[in-house]
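**Q** here is a sequence with its predicted model. Questions after.
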Amino acid sequence: MGDIPTEMDLVYRVLDEQLVDVDGRRLLDAYNNVPVVGHSHPRVTEAVVRQTRTLNTHARYVYEPLVELAERLLASMPPEAGLDSVMLVNSGSEANDIAWRIAAGVTGRDGAIVTPFAYHGVTAAIADLSPEEWPEGFEVSRVERIPVDAGEEAVAAAAAGLAEAGHDLAATFIDAGLTSDGVYPLTRERLAGIVQATHDAGGLFVADEVQVGYGRSGEHLWTFAHLGATPDFVTLGKPMGNGYPVAAVLTRREIVEDFPFAGSVFSTFGGNPVAAQAGLAVLDVIRDERLIPHVKCVGERLLRRIGELQTRHPEIVTVRGLGLLIGVQLDDSARAKKVVDAMRDRGVLIGRTGPGNDVLKIRPPLVFDEEHADVLVEALEASLISD
Ligand code: PMP
């Protein structure tokens, strides 16, 4: 999926919650969003160990931590969305696959709308909704793509195109940071328009928070909530267990009750007690370490300082950001590759994204602080100069 650059072929491990390479060199991780509260955070690690020693079954035997996690997730959602049902699963792909299956099942339709270079997962159904992975020339007639600056009109036009082709809209899937498209964070107005046009066309709206959830925006735990949207489904994954595999689909009971397979969807490891404890510990740490205001502060500094670099380096075309998700559009993908490699050689890990692979993707664990931001900016400037 182009998420892990092939140039990063070193072996890493974690020492005292810091990433080190095979030679013991400390690395500044500005790439990995899964360890959202920091690598091997002791509260998450201990929660996992404690629960592993106590009991690990599955969601057929309802056990307190998984009920508590479901309740805490629901309580964190904006009340106006009316989300009241949760299913815990193992990966973002599985969460999106279930959201898609329910949306297609209750609407009786098979059309989907996504952004041009979206990534939503690896299952057969969701690979069709993930143009980032499509081989050259591959098209799916039941999937329409809207441009990165799309709003209500573009979605209405895409839905009309689907209907014309005999594939009425079942669901629109949106990652509000448009991360794999090259980081184009949505505005409140555009997201509202996308949701509205989806509903007007009779479709359901899926807020894919696998990348942008868990405080990455620095505004709210959930980016769609910060943007004031009211989705029909929210899907969570990646950072949810800080590395322990756990993911979730949230929706409304009335939608689930209309789903022909309601009650028969079960995933063995989904919502096992250990996964649930990891999920609870992550929520605790984000709250207790006040990570969301921290992200806002550090993200703004990083964006401002990279913006300053842009005035001295014309090879930086634009800088786009949402909290601690920053995309630095360079003028050329070969240059972007060299910069990622040069940064790694200086001990700072970042990635690349976008259809042209020419956007530097900066997406660190949320404990990244101001000092780290300054180290990153210095390494970036040095890497641009040495290019
Ligand atoms: N949605 C988005 C926005 C993602 O970025 C990803 C993974 N990169 C997924 C879904 C799929 O998650 P997973 O790899 O856990 O299946």
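**A** Looks like it came in fine.

**Q** ok, Val195 touching Phe233?
**A** No - counting by Cβ atoms under 8 Å, Val195 sits too far from Phe233 to count as a contact (11.7 Å). The C-beta positions use only the backbone N, C-alpha and C, and glycine is treated the same way.

**Q** give me the common contacts of those two.
**A** Phe205 (Cβ atoms under 8 Å, 6 or more residues apart in numbering).

**Q** and Val317, how far from Val148?
**A** Noted for Val317: a distance of 14 Å to Val148, by Cβ to Cβ, to the nearest Å.

**Q** who's more crowded, these two?
**A** Neighbour count, other Cβ atoms under 10 Å: between Val317 and Val148, Val148 has more, with 18 against 13.

**Q** pull the contacting residues for the residue of the chain found nearest the ligand.
**A** Closest contact between the chain and the ligand, by Cβ to the nearest ligand atom, is at Gly92 (2.4 Å). Neighbour list for Gly92: His120, Gly121, Asp208, Val210, Thr235, Leu236, Gly237, Lys238, Ala247 [criterion: Cβ under 8 Å, 6+ apart].

**Q** swap in Asp284?
**A** By Cβ under 8 Å, 6+ apart, the contact list for Asp284 reads Arg43.

**Q** just say helix, strand or coil for it.
**A** helix (DSSP: H, G, I helix; E, B strand; the rest coil).

**Q** please list the residues of the chain that sit near the ligand.
**A** Counting by Cβ under 6 Å from any ligand atom, the chain comes close to the ligand at 3, 91-93, 96, 119-122, 175, 208, 210-211, 237-238.

**Q** so after the lowest-mean-pLDDT helix or strand in the chain, what's the next helix or strand?
**A** Taking mean pLDDT, DSSP states H and E as the measure, the helix or strand of the chain with the lowest value is strand 12-15, at a mean of 63. Downstream of strand 12-15, the first helix or strand assigned by DSSP states H and E is strand 18-21.

**Q** other SSEs contacting the helix or strand just after that following strand?
**A** Using DSSP H and E, the helix or strand that follows strand 18-21 in sequence is strand 26-29. Applying 3 or more Cβ pairs under 8 Å, 6 or more residues apart in numbering; DSSP states H and E, we find strand 26-29 packed against strand 18-21, strand 348-349, helix 370-386.

**Q** mind listing what the most centrally placed residue in the chain touches?
**A** Central residue of the chain (Cα atoms, centre = their mean): Gln211, 1.0 Å from the mean position. Contacts for Gln211 (Cβ under 8 Å, 6+ apart) come out as Asn33, Asp175, Gly177, Thr179, Lys238, Leu325, Arg363.

**Q** if you set the cut-off to 6 Å instead, what comes out?
**A** Asp175, Gly177, Thr179 (Cβ atoms under 6 Å, 6 or more residues apart in numbering).
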